[in-house]
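In: sequence and predicted structure, then a few things I'm wondering about:
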Amino acid sequence: TERIRLTGVSKRYASAGRGPGALALHDIDLSIAAGEIYGLIGRSGAGKSTLLRTINGLETPTSGQVLVDGVDVHALAPRELRELRHGIGMVFQQFNLWGSRTVYGNIATPLKVAGWKDDAIAARVGELIDFVGLGGKAFARPRHLSGGQKQRVGIARAIASRPSILLADEATSALDPQTTVEIVELLRSVNRELGITIVVVTHEMDVVKRIADRVAILSEGAVVESGEIHQVLAHP
Ligand code: ADP
Ligand code: ADP
């Protein structure tokens with residue numbers, strides 16, 4: 001089944017001064033199946049991050065349509081959009097953890113906001129801490145964690161409310177090569193064991209080769225090539 005579908009999506013940012021703003025996306029068509037890991041690759045400024053953010057409604061396309069599980073994301077009322085976002089986790093290059101909160105607090109907070117009861121939160125957070133390999137670190141604060149450990153917290157937080165989609169925006173770009181491999185492996189487990197569809201945005205070719213089933217190459221806001229990873233990357 002199709003989990004994410006973009007049809008004719010264009011995005012022009014508002015102008016900062018005189019003249020038109022940046023055309024970040026140009027007529028994007030993309031289809032992402034349930035259960036796959038889909039890679040979006042391209043240079044800095046190609047539009048990867050903007051594309052990713054149209055999927056969870058953080059950016060509104062200037063034209064075109066984004067469907068998530070058949071639902072038109074940009075036709076939703078604010079309350080429905082918030083609900084849709086509970087089904088879409090996101091991880092970031094700079095982790096975006098709350099520095100004053102413990103590992104436990106970082107993972108628990110979104111569940112609390114979503115209205116989970118404390119005992120259900122405690123059980124779920126304990127399970128997640130084990131799943132991401134942070135056993136014994138529940139009371140640690142982010143400043144005492146390595147980059148890889150911080151991203152493990154970021155991933156646990158992103159999947160806490162059992163989303164069907166995980167969006168990863170340069171999730172390994174701040175990590176050294178060995179840690180990158182470990183986080184890629186963790187994302188693969190998230191996909192395989194939890195059945196979560198993952199969209200991976202990266203400028204790192206090694207990462208996309210190791211993780212993605214299919215890829216789209218973005219350049220200046222347009223998809224210049226897409227398909228099975230071995231086919232796309234076989235071309236010069
Ligand atoms: P990538 O993730 O591939 O680096 P982005 O989606 O961040 O690309 O950026 C695509 C284009 O849109 C770039 O020209 C960038 O400068 C521009 N852009 C990104 N975010 C904004 C914004 N909030 N306001 C205006 N222009 C933006
Ligand atoms: P803050 O300092 O902002 O309260 P914390 O990360 O310390 O953030 O804790 C967030 C919430 O989770 C608090 O309500 C705290 O009591 C609770 N909490 C923190 N660690 C645990 C734990 N290991 N088991 C159960 N509850 C915890």
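Out: Arrived safely. Here the structure is a predicted model, which means the values were calculated and not measured. Ligands and ions are numbered 1, 2, ... in the order given.
In: quick check: which element contains Phe95?
Out: Secondary-structure assignment from DSSP states H and E places Phe95 in no helical or strand segment.
In: that one: how many residues sit nearby?
Out: A count of nearby residues for Phe95, using other CB atoms under 10 Å, gives 21. In short, each C-beta sits where N, CA and C put it, glycine included.
In: what's the pLDDT at it?
Out: On pLDDT, Phe95 comes in at 96.
In: cool, and Ala120?
Out: 98.
In: please report the distance of the nearest residue to it once chain neighbours are set aside from ligand 2.
Out: Once flanking residues are discounted, Ala120 sits nearest to Leu111: 7.7 Å by CB to CB, 6 or more residues apart in numbering. To ligand 2, Leu111 is 10 Å away according to CB to the nearest ligand atom, to the nearest Å.
In: now do Leu25
Out: Note on Leu25: its distance to ligand 2, by CB to the nearest ligand atom, is 37 Å.
In: center of this protein, which residue is that?
Out: For the chain, Leu167 is the residue whose C-alpha lies nearest the centre (CA atoms, centre = their mean; 1.3 Å).
In: contact residues of the protein facing ligand 1?
Out: Selection of the chain residues close to ligand 1 by CB under 6 Å from any ligand atom yields 13, 21-22, 24, 42, 44-50.
In: can you show me the helices along this structure?
Out: Using DSSP state H, the helices found in the chain span residues 48-55, 78-86, 103-113, 118-131, 147-159, 177-194, 205-211, 229-232.
In: closest to Gly17 out of these?
Out: For the helices of the chain, proximity to Gly17 was assessed by CB to CB; helix 48-55 is nearest, at 19.8 Å.
In: thought Asp29 was touching Leu6?
Out: Yes - with contact defined as CB atoms under 8 Å, Asp29 and Leu6 form a contacting pair (6.3 Å).
In: contacting residues for the residue nearest to Ala120?
Out: For Leu111, the contacting residues are 120-121, 124-125, 160-161, taking CB atoms under 8 Å, 6 or more residues apart in numbering as the criterion.
In: which bits of the protein sit near ligand 2?
Out: The interface of the chain toward ligand 2, taken as CB under 6 Å from any ligand atom, is made up of 100-102, 104-105, 108, 122, 138-139.
In: show me where pLDDT drops low in the protein?
Out: Within the chain, the segments meeting pLDDT under 70 span 235-236.
In: please name the nearest non-neighbouring residue to the residue of it at minimum distance from ligand 2.
Out: Using CB to the nearest ligand atom, the single residue of the chain nearest to ligand 2 is Gly105, 1.8 Å away. Closest residue to Gly105 in three dimensions, ignoring its sequence neighbours and counting by CB to CB, 6+ apart: Trp98, at 6.8 Å.
In: and the one you found, how far is that from Arg5?
Out: Using CB to CB, to the nearest Å, we find Trp98 at a distance of 34 Å from Arg5.
In: pick out whichever of these two has more residues nearby.
Out: Arg5 (17 against 13).
In: residues contacting the more buried one?
Out: Listed by CB under 8 Å, 6+ apart, the contact set of Arg5 reads 30-32, 65-67.
In: and these, which is closest to Gly89?
Out: Distances from Gly89 to the contacts of Arg5, taken as CB to CB, are shortest for Ile32 (14.9 Å).
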